[in-house]
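Undergrad: What follows is a predicted protein model with its sequence.
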There are 4 protein chains.
Amino acid sequence: MKKLRTGVLGATGLAGQQVVAALQGHPWFVVTALAASERSAGKPYGEALRGSGGASRWFADGSADPSVESLVMGAAPDLVDADVDLVFSAVDREVALEWEPKLAARVPVISTASAFRDEADVPLLLPGINNAHAGVIPTQRKMRGWRGFIAPIPNCTTTGLAISLKPLQDRFGLRLVAMTSMQAVSGAGRAGGVLALDVIDNVVPFIPGEEEKVVRETRKILGCWGDRFEPAPLALTCTCTRVNVQDGHTEAVFVATERPADAEAAFEAMAAFTPEGLAGLPSAPERLLQVVRDPFRPQPRRDRDAGGGMTVTVGRMRTDEALGGVKYVVLSHNTKLGAGKGAVLLAEWLTREGFVGGPA
Amino acid sequence: MKKLRTGVLGATGLAGQQVVAALQGHPWFVVTALAASERSAGKPYGEALRGSGGASRWFADGSADPSVESLVMGAAPDLVDADVDLVFSAVDREVALEWEPKLAARVPVISTASAFRDEADVPLLLPGINNAHAGVIPTQRKMRGWRGFIAPIPNCTTTGLAISLKPLQDRFGLRLVAMTSMQAVSGAGRAGGVLALDVIDNVVPFIPGEEEKVVRETRKILGCWGDRFEPAPLALTCTCTRVNVQDGHTEAVFVATERPADAEAAFEAMAAFTPEGLAGLPSAPERLLQVVRDPFRPQPRRDRDAGGGMTVTVGRMRTDEALGGVKYVVLSHNTKLGAGKGAVLLAEWLTREGFVGGPA
Amino acid sequence: MKKLRTGVLGATGLAGQQVVAALQGHPWFVVTALAASERSAGKPYGEALRGSGGASRWFADGSADPSVESLVMGAAPDLVDADVDLVFSAVDREVALEWEPKLAARVPVISTASAFRDEADVPLLLPGINNAHAGVIPTQRKMRGWRGFIAPIPNCTTTGLAISLKPLQDRFGLRLVAMTSMQAVSGAGRAGGVLALDVIDNVVPFIPGEEEKVVRETRKILGCWGDRFEPAPLALTCTCTRVNVQDGHTEAVFVATERPADAEAAFEAMAAFTPEGLAGLPSAPERLLQVVRDPFRPQPRRDRDAGGGMTVTVGRMRTDEALGGVKYVVLSHNTKLGAGKGAVLLAEWLTREGFVGGPA
Amino acid sequence: MKKLRTGVLGATGLAGQQVVAALQGHPWFVVTALAASERSAGKPYGEALRGSGGASRWFADGSADPSVESLVMGAAPDLVDADVDLVFSAVDREVALEWEPKLAARVPVISTASAFRDEADVPLLLPGINNAHAGVIPTQRKMRGWRGFIAPIPNCTTTGLAISLKPLQDRFGLRLVAMTSMQAVSGAGRAGGVLALDVIDNVVPFIPGEEEKVVRETRKILGCWGDRFEPAPLALTCTCTRVNVQDGHTEAVFVATERPADAEAAFEAMAAFTPEGLAGLPSAPERLLQVVRDPFRPQPRRDRDAGGGMTVTVGRMRTDEALGGVKYVVLSHNTKLGAGKGAVLLAEWLTREGFVGGPA
């Protein structure tokens, strides 16, 4: 198979670097175009990542491939004109609002930005969790007159929650979910990132906008798509906090179920959960969801890299008699599954389903 | 007023040091007897706190007074025989089980240990929150044939939760509470303390025994005492985690109320809360409970020392439509209000109420 | 005594807030004018410190006085015109280069900025360490035609080093100093501050420009002023690193002395050190320099607040046979002694010496 | 080649686990006997690593192989009787003093303990750095009447320092070295490990015994072995501190050289350094020593895993005019190169050199 030519918008940012890292050596995709702000345009990618005094500004794992480092960067308009089969967009909401539609007019856009997640004709896809939602893509194309489309991934705090809730929803039904997150600092990126001053010996009990995203997105992901999206009818409440952790969002979840559930049954439901459609995708982990019995796990430092950062880990499963359901702790890697590598997994799934790479 | 002669059991431990620190310069109490393990017996307190090479093993704020440093320590039996008016006990559960009854046979024992908290004739007092529970003390004395009594303070994670729930219980009634704690490492003390290895860049999602204590103790504190204890009829569920914070337990609380509540009414209820019986007690803060509007607060590092570590701070008050009630974040200092200084406040209240210092 | 009317340039920044905090309730100075960027001009100080959603942007200890919060802020030109007796400048190097001369044309300027520290007619004063250097001030005034003058405090990493070296220089003479710093994150402020991403579970071995400052400034401070500055003739080398600490710079120092020194003699020299001219200054600590025998001290968290953050603590004094001298560890508070409160101490000293507040 | 049967003493400790982890899937060695304290004896290794409630006490990377988990553990005497070709010892100094000689009477013992490092007939080998020191082994065997021998690895803080100094010694000669370490918490293990209480927002400026080890061991490693050990004639001084880092010791090094050196020449000397005898050893990294130009590196979190944790990284190379030499920062992984995996590398080298596995 000829590799699909791939562009990355926002390639110098932390999320963009994660996308580039996830695409290195990829069997299906090859990066052929990179874009970021005007400041970087015209420079080779490797040079754009070099700070003063030779400091490296590459913060993803490993190092960038020489073939990618030598790619001369463009600005957003150059990417609109580029001869690519798909584009990853890893930019701020405002940039996404302006440029993702222009890109989507020509090619599929897989986005880590929140700009279009709530649109009625845009799916919020987690492969293996809500595959049917891709059914809205032809509508999106038609309504907007685009040859491509926009497919965002969810907020990184939503991802682990939604994946862990899915088998409980299937088995017991969900009535109420109350979640408290303890989020890593990497989620905030470098520009406007979390200051050390604010998290040393500390917890910050507020992340602007985060709780609203988790509520809206989780209900959309777990909802139905018929001819329109019907959010899942669960009551969902949450508090999002920032803790002194590099990578990996930890969430304490209390669930009231529709039908009786206890710890053992919920454990089994999660252990038996086999998401459809992931087998054979290059970035898919052996298990999307694992559930463990060691009461001291999951821990972000020890478990975030399970499955190459693509496996969600659940532990501390307990019957919750107060709520009538179960309670547990879930952990997922916010910059791998929850950002760059998760976007690549979605692109892989869309490719195999025929949404990417075929004749428009 | 002549100062009451005061003994401290477990004086070399972290909690015991906090008690000693809280008693320094105290207007009502003077430390006259200190006890710890056999290893320390016979040494001046200052020497018992000196490690090899002259290292100080005093970890409370400031430094120990010379008058206290020169006190020659005894072991537990010495404290039983000592001529004191009251004893603070800051020892492990097992030591407490053995020695607190022997001490209580003669004098009041204010304890930070969990050993007797669940006994039917032992109150779990938070001055200003459940003063009436002291009514069980005469029963305890009579039933056990003691001249003194045992009065434990609650677990440090329970304290902030119970204080913040009290005005909501009074105003709206409590139906269900779901709480996730992010606890500081100092709660675990030094012997068997939390290893740096386990919390650097990490969250540990389990603290053995903690969740059961929070549930039992909160329900007891918020319950009634008539001729026996009736736990508060609220459903309570929680997950307790350890985070990379020195001092100060942060708790995200979701509350379903009996009667309609919203953020503003709950804020007002907390702001208007005036606990009875604290005025004039030397260790009482100006406000036992404060509620703030800055959405980024409370934070453990910035707020734990409010009111000298004796003020509980609540923030992020929001209406919770999912649960039918409110949600908020509460912070309290686990080794001040939640341990040493909180025990001293209880002793002060018991003294003014006539339970300590008078003829038995 | 009538209080001196005091202006603060850069009042909303972290260093400026430290100055404002140090001036609250000050017996000699009263803040009457505040200035920062154009964005804040026209707003009351309290409002300028309020972020979105009511978030407080006050990061110094305690809270700002209502009298200061209600002061309407100006921009730099307003401060030039303000009727004040002295100005504290806590701005970036570039802003200082432009505005400090305009301010100094009229009034004394005490600065935390590095802009003028290396000028031949500008003293780098540490009261008690190099008081004679103030002798250059009349020259500065005359040469530049200013009614006021510029008096910067040293870089925060230099301060602890220079103070700890002074008694060794006096007693033994200094031949060579090799220093490695482990610096707190607060030194970098909030704008462009250290990201949590960069220091969690990490050490950053480089702080741009810092090492050069330490070398130049330490030699200037410990040098002589006759009719010009003669840097101290010691060889000085250093490596400056950033560690995961909030406040307090720790420095490991190796010293080769001119005359024989050993640990005990150096300990005594430091213990006996009595800086001249500090007695009676409101911000002066009881001891500017303390030396301790506990081998595990100094530690930033436990010792930075000694003397209200104004005492430098030295420990681990050892004879250094390899170098022919001694080695030790020194700790000082970088945002108190090393910034805001240190600037106020300098202003106090200059006032008592007649450089501030009298007729020019 | 038939794999050599390998025993591990102290297999349940942190260092022992690192050894076991480094031996999993090893092409030359197979673990056939494990021993630890009496408490573990008789249990399968996997069970000995299980704490209460199913908690895992395996803290090395990945997980233990089922074949190793099922090995029934013995105590030290069982290992003396076991039919093995070599033993790794990862126990405390006291246990090593007692048991390593008993083991060495029969088989080669590769040890992470400090017990025998300073003995006149015991080499302190770093393969590629001081291979000739193995020449003492026959003497050791003969003098002590052992069929085996004891070969300890150096202290983890010494390792990175000695390796980085070697090319400078070869090229320029070493006159004086002053080093300050910023050490990770994992070096202290779990039993008696560093408390979170002590390093959160903190630096601890003292590690008992560490500085003496670094001085003695570095001089021994860089010294000569003829018919006896002649320590390198360099003056060496150091201060060892503990910082809030999980893994990876960072050291700031100042070096006065015998012959003129500058940054560029020293950089070249390190870049060109090719240790002899490592090629083909399974645990040898591609480069034992790498030197980088990015001024913000090395950083423990970003660089400790270079070469699978076996590569030492040097950065910030600068000419040191004060000392007459160079200064730099060096980083090495304290539990990989500096402990378990480093011990395995030494065993590999000894095997290829014929000291292990052949007829005694």
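TA: Good, I have the coordinates.
Undergrad: which residues touch A:Gly324?
TA: For A:Gly324, the contacting residues are A:Arg175, A:Ala256, A:Thr257, A:Pro260, by CB atoms under 8 Å, 6 or more residues apart in numbering or on different chains. Glycine gets a C-beta too; all of them are placed from N, C-alpha and C.
Undergrad: what about 7 Å?
TA: Applying CB atoms under 7 Å, 6 or more residues apart in numbering or on different chains to A:Gly324 gives the contacts A:Ala256, A:Thr257.
Undergrad: swap in the one 10 residues further on?
TA: Counting by CB under 7 Å, 6+ apart, A:Asn334 touches A:Cys156, A:Ala184, A:Ser186, A:Gly187, A:Asp247, A:Gly248, A:His249.
Undergrad: Over to A:Glu348?
TA: A:Glu348 neighbours (CB under 7 Å, 6+ apart): A:Trp28, A:Leu281, A:Pro282, A:Ser283.
Undergrad: now A:Thr311
TA: A:Pro285, A:Arg287, A:Leu288, A:Gln290.
Undergrad: Then A:Gly307?
TA: A:Gly307 neighbours (CB under 7 Å, 6+ apart): A:Pro285, A:Glu286, A:Arg287.
Undergrad: in the stretch 151-300 of chain A, which spans are strands?
TA: Using DSSP state E, counting those that start in this stretch, the strands of the stretch 151-300 of chain A run over A:174-183, A:224-225, A:229-230, A:235-242, A:249-257, A:289-291.
Undergrad: What strands line up against the third one, and which way round?
TA: Counting by DSSP bridges, the strands paired with strand A:229-230 are strand A:224-225 (antiparallel).
Undergrad: Extract the C-alpha set from stretch A:275-287 and format it as CSV.
TA: Below are the C-alpha coordinates for stretch A:275-287, written out as CSV (Å, rounded to 0.1, in the frame of the first residue of the first chain):
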residue,chain,number,x,y,z
PRO,A,275,-13.9,-3.1,21.6
GLU,A,276,-14.8,-3.7,18.0
GLY,A,277,-12.8,-2.6,15.0
LEU,A,278,-9.4,-2.1,16.7
ALA,A,279,-7.7,-5.3,15.6
GLY,A,280,-5.0,-4.7,13.1
LEU,A,281,-4.8,-0.9,13.5
PRO,A,282,-1.1,-0.1,13.9
SER,A,283,-1.6,2.2,17.0
ALA,A,284,-4.2,0.0,18.7
PRO,A,285,-2.9,-1.5,22.0
GLU,A,286,-3.4,-5.1,22.7
ARG,A,287,-6.1,-4.1,25.3
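Undergrad: Can you tell me what sits against it?
TA: A:22, A:26-28, A:127-129, A:131, A:288, A:307-308, A:310-311, A:341, A:344-345, A:348-349, A:352.
Undergrad: If any of these are buried, give me the ChimeraX selection for them.
TA: Buried subset of the contacts of stretch A:275-287, written as a ChimeraX selection, criterion 16 or more other CB atoms under 10 Å in any protein chain shown:
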select /A:22,26,28,127,128,129,131,288,307,310,311,341,344,345,348,349
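Undergrad: Tell me which entries of the contacts of stretch A:275-287 lie within helices.
TA: Among the contacts of stretch A:275-287, the members found in helices (DSSP state H) are A:Ala22, A:Lys341, A:Val344, A:Leu345, A:Glu348, A:Trp349, A:Arg352.
Undergrad: From what I see, the third one and A:Ala22 are in contact.
TA: Yes: using CB atoms under 7 Å as the test, A:Val344 is close enough to A:Ala22 to be in contact (4.3 Å).
Undergrad: how close does A:Arg117 get to B:Pro27?
TA: 61 Å (CB to CB, to the nearest Å).
Undergrad: And A:Leu323, by the same measure?
TA: 47 Å.
Undergrad: Please tell me how far the longest helix seen in chain A is from the chain's geometric centre.
TA: The residue-count maximum for a helix in chain A (DSSP H) belongs to helix A:156-172. Averaging C-alpha positions (CA atoms, centre = their mean, to the nearest Å) puts helix A:156-172 14 Å from its chain's average.
Undergrad: hey, C-alpha coordinates of it in PDB?
TA: Listed next in PDB are the C-alpha coordinates belonging to helix A:156-172 (Å, rounded to 0.1, in the frame of the first residue of the first chain):
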ATOM      1  CA  CYS A 156      -8.100  14.000  27.200                       C
ATOM      2  CA  THR A 157     -10.000  13.900  30.500                       C
ATOM      3  CA  THR A 158     -13.100  12.600  28.700                       C
ATOM      4  CA  THR A 159     -11.200   9.800  27.000                       C
ATOM      5  CA  GLY A 160     -10.400   7.600  29.900                       C
ATOM      6  CA  LEU A 161     -13.800   8.200  31.500                       C
ATOM      7  CA  ALA A 162     -15.800   7.300  28.500                       C
ATOM      8  CA  ILE A 163     -13.800   4.200  27.700                       C
ATOM      9  CA  SER A 164     -14.200   2.900  31.300                       C
ATOM     10  CA  LEU A 165     -17.900   3.700  31.400                       C
ATOM     11  CA  LYS A 166     -18.700   1.900  28.100                       C
ATOM     12  CA  PRO A 167     -18.700  -1.700  29.400                       C
ATOM     13  CA  LEU A 168     -20.700  -0.600  32.400                       C
ATOM     14  CA  GLN A 169     -23.200   1.200  30.200                       C
ATOM     15  CA  ASP A 170     -23.600  -1.900  28.100                       C
ATOM     16  CA  ARG A 171     -23.900  -4.300  31.000                       C
ATOM     17  CA  PHE A 172     -25.800  -2.300  33.700                       C
END
